[in-house]
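> The following comprises the amino acid sequence and a computationally predicted model.
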Amino acid sequence: MSTSEAPTESVISPDTTSTSTSTPSAPTTASTSTTTDNNNNNAEKKVNSKPISGPAAGAKKKEAKEKEGGGGGKEKGKGKGKAVAGDDDDQQQQRRRADMIITEPVKGTRDFAPDDMRVRNWLFGHWREVARLFAFQEFDTPILEHEELYVRKAGEEITAQMYNFKDKADRPVALRPELTPSLARLILKLGNQVSFPLKWFSIPQCWRFEQTTRGRKREHYQWNMDIIGVSTIGAEAELLAAIVTFFKRVGFTSDDIAIRVNSRKVLQAVLDKLGVTGDKFMPTCIVIDKLDKLSREEVSRQLKEIGLNEEAIEGILESTTVKSIDELSARTGEDNEAVKELRELFALAKAYSFEDWIKFDASVIRGLSYYTGVVFEAIDKTGALPRAICGGGRYDKLFQMFGANQREAQPCAGFGFGDCVIIEILKDKNLIPETLKYPSIDDVIAVQNDTLLPAAMTVASLLRTKGRSVDVILNKKKNLGWAYTYADRLGADRVVLVAPSEWENKTVKIKEMKKGKDDTSKELVVSLSDL
């Protein structure tokens, strides 16, 4: 499931300050995204570049000039200090030596050094534990999929943002932009091998060539939980309960996060009444989904482009201002299917004790074509990061979209929860544990002289069989003071010293580091059998 849909892509570069935008069309050949990427890169390289005359001497002269002027990050004397399109790429190109690779990752992607991996693993650990608590089973699919799996008729932005190309066998393929179509493909492939209902989860990496901002990259990891084969509103309640359970585990309260809930059936009824049907339905949903990103006037303009008249536009926009289920009921009648489902969902939320986390919001539509019923998205109440934290809903016609017959089709509900936005909010609220600053190491083993290194490895092997994390100092001629500093830097619990006299007696000296490296009160001599 997708956490959100992106705005239009910048013509020059997604990271520039240019206001010129265009909506990319859905790819019909495998080279669309690749071409866009190349055009962006070419534009970035042309801006700020200078002709070089002469070989190495000229290059050195240019390098010296760049160092004097700050590396070419801003145009000197022009633009009043504004960043120039392609600054990041040009700086990287200009600063690197001729024999050094580009050290930055591809634009929109991330490196995960050990410090970052600890945070990522901590986050994924919570996701997996919540999935376990709710009895979901983990699955995965290839990151490379058939392009046709994601090409739809609704003109969704996700289709235009695909990383798609032809492989060496001339087959159109794509890096998955979301997981739900892959889930449908896998279940259809398994056929009678699976029994419904299914409760599956995954944490895939997804790729989209979209505008990069804080909380949005061109690759992200996404926690997906899906229930297949359950048509009742209990599936949505179970999914929302899992989301709230995660929020509570990492330190959020209902004062921090709101989950906005609506039903696609509300909009469907409004559009049917206004005569907006057929090919206009999905493009209309996609535009309305941008109400929290665009002005009302811009949304109206885009609805006009679809072919809607003023009466329809006003009716649609007015329907998104409904403030409560009671007000919705007054307009549509209590017997309206959307009203009944929403009332049941809120009753189940009370039974699950998360009713204070959810609220009705008629403006929540979700921009993907396969939603058919209840839809929801979580937001940060402070508004510091104006993007959905996660989102999902019901999509009962998913399997039919991929050619399933009536017997193969199954009702579905699920959500997607990306890592980029939630990490930023966790940082803002100081909810990432301080303990993640250090690796989880139990013991550092040091030797008094280099001849005792084999003995140190014997001790390490013994400790590891007992489940302890052990780092042996392999560098030669490192004194004990260096070993204590090293262990302190790693956040290790103990230093185990292997010295000649103790080793002869089959003992080692242990220093408890939590007491401080200069405190000798916790130095103990311990036999190998008691380690």
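Yep, it's here.
> wait, isn't L385 in contact with R214?
Yes - under the criterion of C-beta atoms under 8 Å, L385 makes contact with R214 at 6.7 Å. Quick note: C-beta positions are derived from backbone N, CA and C, even for glycine.
> Just the strands from the stretch 51-200 of the chain, written as ranges.
Shown for the stretch 51-200 of the chain, the strands assigned by DSSP state E, counting those that start in this stretch span residues 137-138, 144-146, 163-166, 172-175, 198-202.
> now the ones you listed in TSV, with distance to R128?
Below are the strands of the stretch 51-200 of the chain laid out as TSV (distance: least, C-beta to C-beta, whole Å):
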stretch	distance to R128
strand 137-138	7
strand 144-146	23
strand 163-166	27
strand 172-175	23
strand 198-202	8
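> Output those in a markdown table, with mean neighbour count and mean pLDDT appended to each entry.
Shown next, in a markdown table, are those (neighbours: other C-beta atoms under 10 Å; pLDDT from 0 to 100):
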| stretch | mean neighbour count | mean pLDDT |
| --- | --- | --- |
| strand 137-138 | 11 | 98 |
| strand 144-146 | 16 | 96 |
| strand 163-166 | 20 | 95 |
| strand 172-175 | 20 | 96 |
| strand 198-202 | 20 | 98 |
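> what's the closest residue to Q400 other than its chain neighbours in contact with, if anything?
Distance criterion C-beta to C-beta, 6 or more residues apart in numbering; nearest residue to Q400, sequence neighbours excluded, is A409 at 5.4 Å. Taking C-beta atoms under 8 Å, 6 or more residues apart in numbering, we find A409 in contact with K397, F399, Q400.
> Between those, identify the one with the most neighbours.
Tallying neighbours with other C-beta atoms under 10 Å puts F399 at the head of these, with 22 neighbours.
> That one and P114, how far apart?
Per C-beta to C-beta, to the nearest Å, F399 is found 42 Å from P114.
> Now do the helix or strand hosting C285: which elements does it pack against?
Under the criterion of DSSP states H and E, C285 resides in helix 281-288. On a contact count with 3 or more C-beta pairs under 8 Å, 6 or more residues apart in numbering; DSSP states H and E, helix 281-288 meets helix 264-274, helix 296-306.
> Does the last one pack against any helices or strands, and if so which?
Judged by 3+ C-beta pairs under 8 Å, 6+ apart, helix 296-306 is in contact with helix 281-288, helix 310-319.
> Return the most buried member of the ones you listed.
Burial of these is given as mean neighbour count (mean count of other C-beta atoms under 10 Å); helix 281-288 ranks first at a mean of 22.
> Now do the residue lying closest to D167 once chain neighbours are set aside against A492, distance only.
The spatially closest residue to D167, leaving aside those adjacent along the chain, is V173, at 5.3 Å (C-beta to C-beta, 6+ apart). V173 sits 46 Å away from A492, going by C-beta to C-beta.
> before we move on, back to that, G373: which of the helices and strands packed on helix 281-288 is closest?
Smallest distance to G373 across these (C-beta to C-beta): 6.0 Å, for helix 264-274.
> Output that closest one as PDB, nothing but the C-alphas.
The C-alpha coordinates for helix 264-274 follow below in PDB (Å, rounded to 0.1, in the frame of the first residue of the first chain):
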ATOM      1  CA  ARG A 264     -14.700   6.000  -0.800                       C
ATOM      2  CA  LYS A 265     -18.400   5.100  -0.900                       C
ATOM      3  CA  VAL A 266     -19.200   8.600   0.400                       C
ATOM      4  CA  LEU A 267     -17.500  10.200  -2.600                       C
ATOM      5  CA  GLN A 268     -18.900   7.500  -4.900                       C
ATOM      6  CA  ALA A 269     -22.400   8.500  -3.900                       C
ATOM      7  CA  VAL A 270     -21.700  12.200  -4.400                       C
ATOM      8  CA  LEU A 271     -20.100  11.700  -7.800                       C
ATOM      9  CA  ASP A 272     -23.000   9.400  -8.900                       C
ATOM     10  CA  LYS A 273     -25.500  12.100  -7.900                       C
ATOM     11  CA  LEU A 274     -23.500  14.700  -9.800                       C
END
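> residues making contact with that helix?
Here helix 264-274 makes contact (C-beta under 8 Å, 6+ apart) with 277, 281, 284-285, 288, 311-312, 315-316, 319, 322, 328, 332, 336-338, 341, 362, 365-366, 371-375, 393-394.
> pLDDT score assigned to A409?
Looking at A409, its pLDDT is 87.
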